[in-house]
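*Asks:* Provided below are the primary sequence and the corresponding predicted coordinates.
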Amino acid sequence: MDQLLLIAFTAVQSRAIVARTSPAASRSGASNSVAGLSGDRGQTTAEYALVLLGAAGVAMLLLGWATKSGAIGKLFDVVLNEIVGRVK
């Protein structure tokens, strides 16, 4: 699951870089200033927001599953027992 989020995040990053460094923008004389990218203003922010919403959705599903299955309690017991075992 982490790999999927990393791939999505990388895709968003590469699209933002391509938009800022495209040859078409260089040929037209547009710079990387805000005026040169006025058509793309906010696109990267919107893409980040969508990725964050997707990650939050996956986290909520995982949390719901872990709560219903008792996995959180088991994990807490294992961690607590390990800590107590190391202190003794």
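*Replies:* All right, it came through fine.
*Asks:* low-confidence regions, the chain specifically.
*Replies:* Within the chain, the stretches falling below the threshold (pLDDT under 70) are 1-39.
*Asks:* what about the strands in it?
*Replies:* The residue ranges that make up strands in the chain, judged by DSSP state E, are empty, as it has none.
*Asks:* now the helices: where do they sit in it?
*Replies:* Taking DSSP state H to define them, one finds helices in the chain at 2-21, 23-27, 43-69, 71-87.
*Asks:* and the angle for the longest one with helix 71-87?
*Replies:* Angle of helix 43-69 versus helix 71-87, following axes from the mean of the first three to the mean of the last three Cα atoms, to 10 degrees, is 80 degrees.
*Asks:* what helices or strands is helix 43-69 leaning on?
*Replies:* The elements that helix 43-69 packs onto, with contact taken as 3 or more Cβ pairs under 8 Å, 6 or more residues apart in numbering; DSSP states H and E, are helix 2-21, helix 71-87. Yep, even glycine has a C-beta here, placed from its N, CA and C like the rest.
*Asks:* buried sites along it?
*Replies:* By 16 or more other Cβ atoms under 10 Å, the buried positions in helix 43-69 come out as 44, 47, 51, 55.
*Asks:* gap between residue 70 and residue 81?
*Replies:* With distances taken as Cβ to Cβ, to the nearest Å, residue 70 is found 16 Å from residue 81.
*Asks:* make that residue 53, sorry
*Replies:* If you go by Cβ to Cβ, the gap between residue 53 and residue 81 works out to 37 Å.
*Asks:* and residue 73, how many neighbours?
*Replies:* 11 (other Cβ atoms under 10 Å).
*Asks:* how much space between it and residue 86?
*Replies:* Counting by Cβ to Cβ, the gap from residue 73 to residue 86 is 21 Å.
*Asks:* with residue 77 instead?
*Replies:* Taking Cβ to Cβ as the measure, residue 77 and residue 86 are separated by 15 Å.
*Asks:* settle it for me: which of the two has more neighbours?
*Replies:* A count of neighbours by other Cβ under 10 Å puts residue 77 above the other of residue 77 and residue 86, at 11 against 7.
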